[in-house]
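Chemist: Using only what follows, build the 3D model:
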Amino acid sequence: MPEIEISAMTFGPYGLGHQGGKAVMAPNAVAGDRLDVSIEAERRDYSLAKIRAIVRASPDRRTAPCPYLPRCGGCDWQHIDYAAQVRFKSEMIARELNHALDAAINPADLVAPAPSEFGYRSRIRLKTGPKGLLGFHEANSNAIVPIDSCLVAEPGITMPLHLARSLGKHLDEIEVVRDDARQVLVAYLKKPADAEDLRRASNVLDSDRDLAGIVLRSGAHREIVGDARVIVELEPGLAIDADADLFSQVNRAQNQKLIAAVMAMAAIQPTLPLLDLFCGAGNFSLPAARRGARVTGVDSEAGAISAASRNALRLGFNDAQFIPMKASATAEFLHRARYRPDIVILDPPRTGALDLMEPIVKLKPRMIIYVSCDVTTLARDMRLLTRASYKISSVRAFDFFPNTHHVEIAAQVLLT
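Modeler: The predicted structure is shown next:
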């Protein structure tokens, strides 16, 4: 069987090596490993391998602290020393953006490490199975690995066993969301909740004093039992409340650092027009409005827009307006209306915002700040901006997801 040297990490569970001039991708590898591997599958440009034995361990390899690894597919980098995780992420971001944008981004200290590599997630989403089984998917499988606790979850998060057993076979997943004071459960059902589901959820709520509320969701249909709101502090002195089933960042300490970085990039002046696309419940919109910007926030999620509007009203941010519309349709509408934002902030899903790049360029903002959790789609979209009279000015990254390959990036471009 071939031996390979792992020379680099990838944005995924794989380490990268070469054998006979062809790239070889091996899961659970670490840059610096010397591995005895078996080739499991051949692709045109690379081979997929399985580790048979570690011939020489990388100095950055460690024994994963979690007892559910390597079966659990949740933390694909927990076998890597945390300082090395941050270094590898910095190197990968710089390599990807420098190649795509012909830039000169220095990887040194590019990624801000998390305050803690464990106990950071304020929300976890658990798969459910028969008899109240709770867990995560096995790596590369739909099989569920049962768990009793999760090392990366905030210490106050408790397993929703009572709700899982009560709702039984009607249930697909349960998301546990916690703020500083209380916990809310979001149950994802196979069909809309009926009276019996609501009765059972009410019984669970009545039996748990730490539980504030339960959301029963099936597609767009949702029912709320109790109080489903959680409090999210965006920055010192600015907190919002929003229903727990709306999107919010899982690492709240790192999210505050990200918001501070984006606000520093924006250097907002009073009355400055700012367009926030994929604004959610106002993660960037409300801090910008607090600084006096005339904010227009756009998101396709009506519930998020309602939460953003309600919080802006409560906080007295009268120059903030929020529109429930797909971002691409809004950008075209604003262009026809001759709207000219000074700054555009966008924080799209992992798939990026390719269809938005041309409409944004037509708006001719002085500055664009693109926040992304996927460096590949970020590089793809930023390439179009840099070809349209925009120049990359600043890149900051934050390790929102220690012990995984994921990372959050904020990239700023300026009109030249």
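
Chemist: hey, let's count contacts and neighbours off CA atoms from now on
Modeler: Fine.

Chemist: How much space separates the residue nearest to the spatial centre of the chain from Gly74?
Modeler: The C-alpha lying nearest the average C-alpha coordinate of the chain belongs to Cys373 (Cα atoms, centre = their mean; 5.7 Å). Here the criterion is Cα to Cα, to the nearest Å. By it, Cys373 lies 16 Å from Gly74.

Chemist: Just give me the neighbour total for Pro115.
Modeler: Pro115 has 13 neighbours, counted by other Cα atoms under 10 Å.

Chemist: can I get the CA coordinates of stretch 331-346 in CSV?
Modeler: The C-alpha coordinates for stretch 331-346 follow below in CSV (Å, rounded to 0.1, in the frame of the first residue of the first chain):
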residue,chain,number,x,y,z
ALA,A,331,-30.8,45.1,-5.8
GLU,A,332,-32.4,45.4,-9.3
PHE,A,333,-35.4,47.3,-7.8
LEU,A,334,-33.1,49.8,-6.0
HIS,A,335,-31.1,50.3,-9.1
ARG,A,336,-34.2,51.2,-11.1
ALA,A,337,-35.2,53.5,-8.3
ARG,A,338,-31.8,55.3,-8.6
TYR,A,339,-30.9,54.4,-5.0
ARG,A,340,-27.2,54.8,-4.3
PRO,A,341,-25.9,53.3,-1.1
ASP,A,342,-22.5,54.4,0.1
ILE,A,343,-21.8,51.0,1.6
VAL,A,344,-23.2,47.5,0.8
ILE,A,345,-22.8,44.8,3.4
LEU,A,346,-23.8,41.3,2.5
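
Chemist: residue ranges for the helices of the stretch 151-300 of the chain, please.
Modeler: In the stretch 151-300 of the chain, the helices defined using DSSP state H, counting those that start in this stretch lie at 161-167, 195-207, 252-266, 285-290.

Chemist: Kindly report the same for the stretch 1-150 of the chain.
Modeler: 82-101.

Chemist: What ranges in it fall below the confidence cut-off?
Modeler: 1 (pLDDT under 70).

Chemist: Repeat the analysis, applying 90 as the threshold.
Modeler: 1-2, 11-13, 20-21, 44-45, 70-71, 73-74, 102-104, 109, 130-132, 139-142 (pLDDT under 90).

Chemist: the strands in it, which residues?
Modeler: Here the stretch 1-150 of the chain has its strands, by DSSP state E, counting those that start in this stretch, at 3-5, 8-9, 14-19, 22-27, 34-42, 46-56, 111-112, 123-129, 133-137, 144-146.

Chemist: pLDDT at Asp210, what is it?
Modeler: With respect to pLDDT, Asp210 scores 89.

Chemist: ok, now which ones touch the nearest residue to it once chain neighbours are set aside?
Modeler: Excluding its sequence neighbours, the residue lying closest to Asp210 (Cα to Cα, 6 or more residues apart in numbering) is Arg182, at 5.8 Å. By Cα atoms under 8 Å, 6 or more residues apart in numbering, Arg182 lies in contact with Asp210, Leu211, Ala212, Val230.

Chemist: what do you get for Met325?
Modeler: Counted by Cα under 8 Å, 6+ apart, Met325 has contacts Val298, Asp299, Ser300, Glu301.

Chemist: run the last query once more with 7 Å
Modeler: The neighbours of Met325, taking Cα atoms under 7 Å, 6 or more residues apart in numbering as the test, are Val298, Asp299, Ser300.

Chemist: top of those by neighbour count?
Modeler: Within the contacts of Met325, most neighbours by other Cα under 10 Å means Val298, with 29 neighbours.

Chemist: Make sure that residue is actually in contact with Ala320.
Modeler: No - Val298 lies out of contact with Ala320 (Cα atoms under 7 Å); the separation is 11.0 Å.

Chemist: how much space between the closest residue to Glu154 other than its chain neighbours and Ala308?
Modeler: Distances taken as Cα to Cα, 6+ apart put Gly119 closest to Glu154, at 4.2 Å, once the chain neighbours are dropped. According to Cα to Cα, Gly119 and Ala308 sit 28 Å apart.

Chemist: Good, we can wrap up now.
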